[in-house]
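Participant: Let's see this in three dimensions:
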Amino acid sequence: MTRLSANAVLGLACILFALVTAFLWIPFDTDTWLVERARGRYTLGDSLAPTLAAGFIFLAGLMLLREGQQTEDRPTYNNLQFIGAMIGMGVVSILLMRWAGPIAVNLFASGEEYRLLRDTAPWKYIGFVLGGGCMVFAMIAFVDERVTLRALIVAVLAVVGIILLYDVPFEDVLLPPNGDV
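Facilitator: Sure, this is the predicted structure:
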């Protein structure tokens, strides 16, 4: 019996996660499909972005699975530590993303409610920029094993790029986490 390599195990986990996400989680959690037609025009559906993300995770899983068939390494404690650290950074960043905007409104916009301001600048960007930038910066610094100006610049450019691709062209798209707040 052959043992699976660390990359093959991670690849299979990614493929399974992507399939469960695309075919169970997204359809049961969203009201609209990929693209919707409303009043004679097409708009992005609620499930477009998460379905694309699931597709990229699926492709990454296939690549890891293929690479895992060519190597003989086995999952180690260091592999689990790395994955745990990445998950931890993701959780902290998502919490920062979720709560930074409402806290900023409570501190600097007295008497206003975040829900009413969540689609107005600068409030709609606070959580996304802080949480997303923190996630990218922390992960790069962790992998590089040092904090660099390059990591900060990449994090800022990544977040600004996503804002320019998702928020600026579409008037009815709310950046995360503003759709849930």
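Participant: Check which residues of whichever helix or strand residue 107 is part of are buried.
Facilitator: Take DSSP states H and E as the rule and residue 107 turns out to sit in helix 77-108. Residues of helix 77-108 classed as buried by neighbour count (16 or more other CB atoms under 10 Å): 89, 93-94, 96-102, 104-105. Using the backbone N, CA and C atoms, a C-beta is placed for each residue, glycine as well.
Participant: Show the average pLDDT along it.
Facilitator: For helix 77-108, the mean per-residue pLDDT is 92.
Participant: Show me what it is packed up against.
Facilitator: In this structure, helix 77-108 makes packing contacts with helix 6-20, helix 114-117, helix 123-144, judged by 3 or more CB pairs under 8 Å, 6 or more residues apart in numbering; DSSP states H and E.
Participant: okay, the ones you listed, which one's buried deepest?
Facilitator: With neighbours defined as mean count of other CB atoms under 10 Å, these peak in mean count at helix 123-144, which reaches a mean of 20.
Participant: Can I get it in PDB, CA atoms only?
Facilitator: Listed next in PDB are the C-alpha coordinates belonging to helix 123-144 (Å, rounded to 0.1, in the frame of the first residue of the first chain):
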ATOM      1  CA  TRP A 123     -16.400  53.500   6.100                       C
ATOM      2  CA  LYS A 124     -16.900  50.700   3.500                       C
ATOM      3  CA  TYR A 125     -13.200  50.300   3.100                       C
ATOM      4  CA  ILE A 126     -11.900  50.300   6.600                       C
ATOM      5  CA  GLY A 127     -12.500  46.700   7.500                       C
ATOM      6  CA  PHE A 128     -11.600  45.400   4.100                       C
ATOM      7  CA  VAL A 129      -8.300  47.300   3.900                       C
ATOM      8  CA  LEU A 130      -7.300  46.500   7.500                       C
ATOM      9  CA  GLY A 131      -8.400  42.900   7.500                       C
ATOM     10  CA  GLY A 132      -7.300  42.100   3.900                       C
ATOM     11  CA  GLY A 133      -4.000  44.000   4.200                       C
ATOM     12  CA  CYS A 134      -3.300  42.300   7.600                       C
ATOM     13  CA  MET A 135      -3.900  38.900   6.100                       C
ATOM     14  CA  VAL A 136      -1.700  39.300   3.000                       C
ATOM     15  CA  PHE A 137       1.100  41.100   5.000                       C
ATOM     16  CA  ALA A 138       1.100  38.500   7.800                       C
ATOM     17  CA  MET A 139       1.200  35.600   5.500                       C
ATOM     18  CA  ILE A 140       4.000  37.000   3.400                       C
ATOM     19  CA  ALA A 141       6.000  37.900   6.500                       C
ATOM     20  CA  PHE A 142       5.400  34.400   8.000                       C
ATOM     21  CA  VAL A 143       6.600  32.700   4.800                       C
ATOM     22  CA  ASP A 144       9.600  35.000   4.400                       C
END
